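Asks: Sequence isn't available, so here's the structure alone:
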Ligand SMILES: *Cc1c(COP(=O)(O)O)cnc(C)c1O
């Protein structure tokens, strides 16, 4: 499928980088073909090294909610760069972004900045264990929380896609402290708690999973978890690395009005720079060093250039909440268009959608958890992906991912996406 320079660059990269990429899902293994090498991006478009142009529906896996090369963010970064790239000492901007996050995200009273979503979830679990004095955690099947050892068990997205749901290198000792429950099933959470009395430190989940494709919580599920955690002295962690600042300025917790004890953040929070954060109740966050005994640190954490990008992004979202209505409208328009295409073609595939996240699953089953997501025909998805790419639409290269709409997607581009979807589905059946 990919010709020219992308192919050459990929062949060359494979000699020096494992699999030729710095993050597995980029390799297109799940969909077949070779990855595109990208030169530049602007607004809603991505340009590859062979001068092809694509409409962007991944947006760097979420961060670029305002589209690419946003002027405000670029300007803030350029200004910050002039003052040196790093000091390893506190700056005013770190206090400002912390205050802004506390104002935007309902559960967060104090927050610590880190450099990735992975670091945020690993640290959140450590604090939950330190705070409760308990070891075990409950993880939800199909949720992805980065590549920390404790989470590489039924990990969704990259891990499923690569066919390594349990990674070698994770010790049995670590694996035994991670208990698994299916999404949307309070009953199985209760069973795990009963069979591990007073042993569970935390329940961690994506409140609206995007890493098994987009899956919605059933009414009462999130509030039910909140209630169980209160009764059992368990720390409830919402991993909002994907949904934070995406579904609402306060994330899924604002939308569903369920307040976790700890929230992990990433992706949009850095405006495209590598940033993560974890925050929550002061009582819990005060366990983090140097205030408390739970150690967590980072040489480049709170980096001035990254903070300039992140602050500008968050401030813009905070001051322009109309963006979320706009994103919901354009995404609904696309989803309805695809639904009409399916109807015209007599297909009954499933679409899940919330705000500016949506997934088209190649299954006729309702998708409510990891097991139902896995009923999808991934071979068919691969073909759909490759044909959409030929039509100039860049989708996430896996069935088990959500798509992200940015504010750069206009009505005209939305119509082009719907048209491409029709032509591709029609040619496949
Ligand atoms: C992307 C993601 C992570 C991992 O973040 P990285 O920055 O890739 O380490 C963790 N949790 C969720 C929900 C994610 O979507």
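Replies: Received, thanks. Predicted model only: the values in this text are computed from it and were never measured. Numbering: from 1, shown residues only.
Asks: Start and end of stretch 260-276, how far apart?
Replies: By C-alpha to C-alpha, to the nearest Å, the extent of stretch 260-276 from end to end equals 17 Å.
Asks: State the mean pLDDT of it.
Replies: Summarised as a single mean, pLDDT over stretch 260-276 is 98.
Asks: touching the ligand at all, that stretch?
Replies: Yes. With C-beta under 6 Å from any ligand atom as the criterion, the ligand is reached by stretch 260-276 at 266, 276. Every C-beta, even on glycine, is put in place using the N, C-alpha and C of the backbone.
Asks: what sits against the nearest residue to residue 372 once chain neighbours are set aside?
Replies: In space, and not counting its chain neighbours, residue 372 is closest to residue 365: 5.2 Å by C-beta to C-beta, 6 or more residues apart in numbering. Residue 365 is in contact with 350, 372, 375, counting by C-beta atoms under 8 Å, 6 or more residues apart in numbering.
Asks: from the middle of its chain, how far away would the longest helix seen in the chain be?
Replies: Assignment by DSSP state H gives helix 322-344 as the longest helix of the chain. Relative to its parent chain, helix 322-344 has a centroid offset of 20 Å by C-alpha atoms, centre = their mean, to the nearest Å.
Asks: Could you chop the protein up by domain?
Replies: 6-69+321-428, 71-319 (automatic domain parsing).
Asks: Any residues of the stretch 1-150 of the chain in contact with the ligand? List them.
Replies: Proximity of the stretch 1-150 of the chain to the ligand, by C-beta under 6 Å from any ligand atom, involves residues 116, 117, 118, 121, 144, 145, 146.
Asks: The last one touches residue 123, doesn't it?
Replies: No. With contact taken as C-beta atoms under 8 Å, residue 146 and residue 123 are classed as non-touching, separated by 10.6 Å.
Asks: and those two? which has more neighbours close in?
Replies: The neighbour count for residue 146 versus residue 123, taken as other C-beta atoms under 10 Å, is higher for residue 123 (24 against 21).
Asks: For the residue nearest to the more buried one when sequence neighbours are not counted, grab the count of nearby residues.
Replies: In space, residue 123 comes closest to residue 296 once its chain neighbours are excluded; the distance is 4.7 Å by C-beta to C-beta, 6+ apart. By other C-beta under 10 Å, 18 other residues sit near residue 296.
Asks: and what of residue 426?
Replies: 12.
Asks: before we move on, the earlier item: show me the contacts of residue 365 that map onto helices.
Replies: The members of these that map onto helices under DSSP H are residue 372.
Asks: about what we covered before: of the domains of the chain, flag the one that's most buried.
Replies: domain 71-319 (a mean of 20; mean count of other C-beta atoms under 10 Å).
Asks: show me the contacts for the residue of the stretch 1-150 of the chain found nearest the ligand.
Replies: Closest residue of the stretch 1-150 of the chain to the ligand, C-beta to the nearest ligand atom: residue 117 (2.1 Å). Counting by C-beta under 8 Å, 6+ apart, residue 117 makes contact with 145, 146, 239, 241, 264, 265, 266, 267, 276.
Asks: what's the spacing between the residue nearest to it when sequence neighbours are not counted and residue 145?
Replies: Spatial nearest neighbour of residue 117, excluding adjacent residues (C-beta to C-beta, 6+ apart): residue 266 at 3.2 Å. Taking C-beta to C-beta, to the nearest Å as the measure, residue 266 falls 10 Å from residue 145.
Asks: Also residue 416?
Replies: For residue 416, the distance to residue 145 (C-beta to C-beta) stands at 35 Å.
Asks: So stretch 205-224, near the ligand or not?
Replies: Yes. Counting by C-beta under 6 Å from any ligand atom, the ligand has neighbours in stretch 205-224: 206, 210, 211.
Asks: Okay, strands next: where are they in the stretch 1-150 of the chain?
Replies: For the stretch 1-150 of the chain, the strands defined by DSSP state E, counting those that start in this stretch cover 38-42, 45-48, 53-56, 110-114, 136-140.
Asks: residue contacts, residue 385?
Replies: 31, 395, 397.
Asks: hmm, back to that, quickly list what's touching both of residue 266 and residue 145.
Replies: 117, 241.
Asks: can you give me the offset of stretch 296-309 from its chain's centre?
Replies: The answer for stretch 296-309 is 20 Å, by C-alpha atoms, centre = their mean.
Asks: so residue 136 touches residue 174, yeah?
Replies: No. In this structure residue 136 lies outside contact range of residue 174 using C-beta under 8 Å: 11.2 Å.
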